[in-house]
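Show me how the following folds:
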Amino acid sequence: MQSLTPSPYQLGLEFVMKRPGTKASFAMAKLLISLKDQRPTFTIRETMDDLDEAAQELAMSLMMHFRKCSVTLDLLHAADQVAKMYPTIIAMGQANSASANSPEIDWLTGT
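Below is the predicted model:
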């Protein structure tokens, strides 16, 4: 039997779908993708800066739910839906992850 109360992941997906193309929608999408898969990661700042206070509360509830429940079918569904809405989000996350894992370069010397 399905719960009558939507999960935070479902609420996050609803937030994204109601605001297509906005910075806030893209930020929430980044959070959902990051929770689903460790590789396409975005920083907390990247997921929170473009959210107003109410949306930040929703984002925090997603993170707290993730802490308790980890990856669920709701999260997998939400992340897959936002990946379809924002197909470049996976590549962006992978680039972020790759650059975070690369050796430091001294920008003055190039080494």
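
tally of neighbours for residue 72?
Around residue 72 there are 15 other residues, counting by other CB atoms under 10 Å. Every C-beta, even on glycine, is put in place using the N, C-alpha and C of the backbone.

State the distance from it to residue 32.
12 Å (CB to CB, to the nearest Å).

and for the two, which residues touch both?
Taking CB atoms under 8 Å, 6 or more residues apart in numbering as the criterion, residue 72 and residue 32 both touch residue 9.

hey, C-alpha coordinates of the longest helix anywhere in the chain in PDB?
Using DSSP state H, we find that the single longest helix of the chain is helix 53-69. What follows is helix 53-69, C-alpha atoms only, in PDB (Å, rounded to 0.1, in the frame of the first residue of the first chain):
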ATOM      1  CA  GLU A  53      14.200  29.800   2.100                       C
ATOM      2  CA  ALA A  54      11.300  27.500   1.600                       C
ATOM      3  CA  ALA A  55      13.100  25.600  -1.100                       C
ATOM      4  CA  GLN A  56      16.200  25.300   1.100                       C
ATOM      5  CA  GLU A  57      13.900  23.800   3.800                       C
ATOM      6  CA  LEU A  58      12.700  21.200   1.200                       C
ATOM      7  CA  ALA A  59      16.400  20.500   0.200                       C
ATOM      8  CA  MET A  60      17.300  20.000   3.800                       C
ATOM      9  CA  SER A  61      14.400  17.600   4.200                       C
ATOM     10  CA  LEU A  62      15.700  15.600   1.200                       C
ATOM     11  CA  MET A  63      19.100  15.400   2.700                       C
ATOM     12  CA  MET A  64      17.800  14.300   6.100                       C
ATOM     13  CA  HIS A  65      15.500  11.700   4.400                       C
ATOM     14  CA  PHE A  66      18.500  10.400   2.500                       C
ATOM     15  CA  ARG A  67      20.500  10.100   5.800                       C
ATOM     16  CA  LYS A  68      17.700   7.900   7.200                       C
ATOM     17  CA  CYS A  69      16.600   6.000   4.100                       C
END
